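Enquirer: A predicted structure for the sequence below; I have some questions about it.
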Amino acid sequence: MRKSMKVTNTLNFNALRLVVVLFFSFSSCQFAIGQSANKAEIAKVEKILSELGTYATDVLLDEEGKSRCDYNMIEGKWYPYEEPWHTGQIIYGLLEAYRVTNEERFLTAATKAGDWWTSLEIKDHPKLKGMVNAQHADHAGDVIVFATVSDGSAGLFELHKVTKVDKYARVPTQAGAWMLENMCEMDLGLCYDSADPETGEVYKEYSPFHRDKKNQTIKDVARPNNEGSIFLDMYRYTSNEKYKDAFIKLCNSVLETQDEHGLWMDFMPNHIDVNTFHPRFNLWYAESLLNGYDLTGDEKYLVGAKKTVDRYVEAQLESGVIYYENFLDGTYTKNSICGSAVAFNALLMIRLEGYGYGSDLYKERIKLSSDWLIKNQFATDHPDENLRGAIMNIRTRYRKNKHWIVNRDVGSSFGLRFFAAYHDYLQVK
């Protein structure tokens, strides 16, 4: 009897040991497979970063160093569109690609672009001295626009961090100081959108973005204008508390004016009259809220940013695409495809994941966004050299009495920023 029990116990022990060995073997195998898949994904990301960086360096930036902006695919011609902010975003993207790949040519191209941007400094105008001549140059006309400065300024401050060349932070800081003094109503938490490049007059009762609208209100001519977080960068550069206070006030204004959809429908380029929201504008504000959290540690900014990101997650289709024109009821127009929105929202999801505000859905959408951007990259051997390696960002309009179909540079510049962040994200996984 005892011998039988001993044999049984031995068999049970051996069976248990086998189960444990098999379990750990299976777990090790799964871990190895996961590591291999992660390495393959990282290699894929590094490849596209190099390709996008090459496209930005060789195609998007012209001989002066500024962005060529909009490529009309019917005419085969480039057209300018808010060159200062588009150039600044390319600088930012190239610096991110340089950080990951260590390809010096990306830093060289970013520096050339920074030299062009800082050349916009106004030095001899009696009223505009210190400002930059950042003109919209599209439907708003030849007017200086607050966001045309601030949407590009982050790239300049990043360039200063990398090169330690003072002008890359000094020039946008001077411009921001001019805007704070002349264009901001901090008691309202708003900054006027535009100024006349000839006279220096700030438009406080009329907006060139609403030419045909009579009886314009403050919300037609001013916004929180926290895109690009310029006052935060100025504070970090100068340690001047005035700029820190300005940034926090605008962050609070952004929260106060956010609606139940997580959007800012009272301000253009959202259109409350037809219930459409812009594919990037609201994400700029969400990004500024994340920056506000970085500065203050106040979680209310994370909550506000997440609300916006979640709205864009709803707008993203199962394929991964986000269209340019989205309606509040969930419908959309298919004629324009916004790769920059796909990249930008995924970038913000990565940041929220890092703050502990992520979800399984975010993880799925980050991967989905990466896959979509890779699938919708123009071939690097495309017959048209103006599109080789670009991320799809197609904008369709009716202009000059014909259909106007362009691929815009921002798909690639935001793509660079996203893939660099995604590379970091994969390293941590």
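Expert: Structure's in. What do you need?

Enquirer: dump the residue contacts of the residue nearest to residue 223 when sequence neighbours are not counted.
Expert: If you skip the residues right next to it in sequence, residue 223 has residue 267 as its closest partner in space, 4.5 Å away by C-beta to C-beta, 6 or more residues apart in numbering. For the C-beta atoms, the positions are set from N, CA and C on the backbone; glycine is no exception. Residue 267 makes contacts with 219, 223-224, 257, 281, as judged by C-beta atoms under 8 Å, 6 or more residues apart in numbering.

Enquirer: List only buried entries from those residues.
Expert: The neighbour count (16 or more other C-beta atoms under 10 Å) marks 223-224, 257, 281 as buried among those.

Enquirer: any chance you could map the strands in the stretch 1-150 of the chain?
Expert: Along the stretch 1-150 of the chain, counting by DSSP state E, counting those that start in this stretch, strands occupy 70-72, 77-79, 144-145.

Enquirer: For the shortest one, give the mean pLDDT please.
Expert: In other words, strand 144-145. Strand 144-145 shows an average pLDDT of 97 in the prediction.

Enquirer: Now do residue 102: how many residues are near it, please.
Expert: Neighbourhood size, residue 102 [other C-beta atoms under 10 Å]: 9.

Enquirer: Need the phi and psi values for it.
Expert: Phi and psi for residue 102, reported as degrees, to the nearest 10, are phi 60, psi 20.

Enquirer: Show the contacting residues for residue 351.
Expert: Residue 351 touches 290, 421, counting by C-beta under 8 Å, 6+ apart.

Enquirer: Check which helix or strand it maps to.
Expert: With the criterion set as DSSP states H and E, the secondary-structure element containing residue 351 is helix 339-354.

Enquirer: Check for me that residue 326 belongs to a helix.
Expert: No - according to DSSP: H, G, I helix; E, B strand; the rest coil, residue 326 belongs to no helix; its state is strand.

Enquirer: mind listing what's buried in the helix holding residue 351?
Expert: By neighbour count on 16+ other C-beta under 10 Å, the buried set for helix 339-354 is 339-353.

Enquirer: quick revisit: could you report the pLDDT at the residue nearest to residue 223?
Expert: Looking at residue 267, its pLDDT is 97.

Enquirer: Now do it against residue 137, distance only.
Expert: Distance, residue 267 to residue 137, by C-beta to C-beta, to the nearest Å: 21 Å.

Enquirer: what's the answer for residue 417, then?
Expert: As for residue 417, its distance to residue 137 is 24 Å (criterion: C-beta to C-beta).

Enquirer: what's the answer for residue 241, then?
Expert: For residue 241, the distance to residue 137 equals 35 Å [C-beta to C-beta].

Enquirer: Show me which of those two is the more surrounded one.
Expert: When residue 241 is set against residue 137 and neighbours are counted by other C-beta under 10 Å, the residue ahead is residue 137, at 18 against 9.

Enquirer: I'd say that one and residue 80 touch.
Expert: Yes - counting by C-beta atoms under 8 Å, residue 137 sits close enough to residue 80 to count as a contact (5.2 Å).

Enquirer: Now the element after the one helix or strand residue 159 maps to, going C-ward?
Expert: With elements delineated by DSSP H and E, residue 159 resides in helix 146-163, which encompasses its position. Using DSSP H and E, the helix or strand that follows helix 146-163 towards the C-terminus is helix 167-182.

Enquirer: All set now, cheers.
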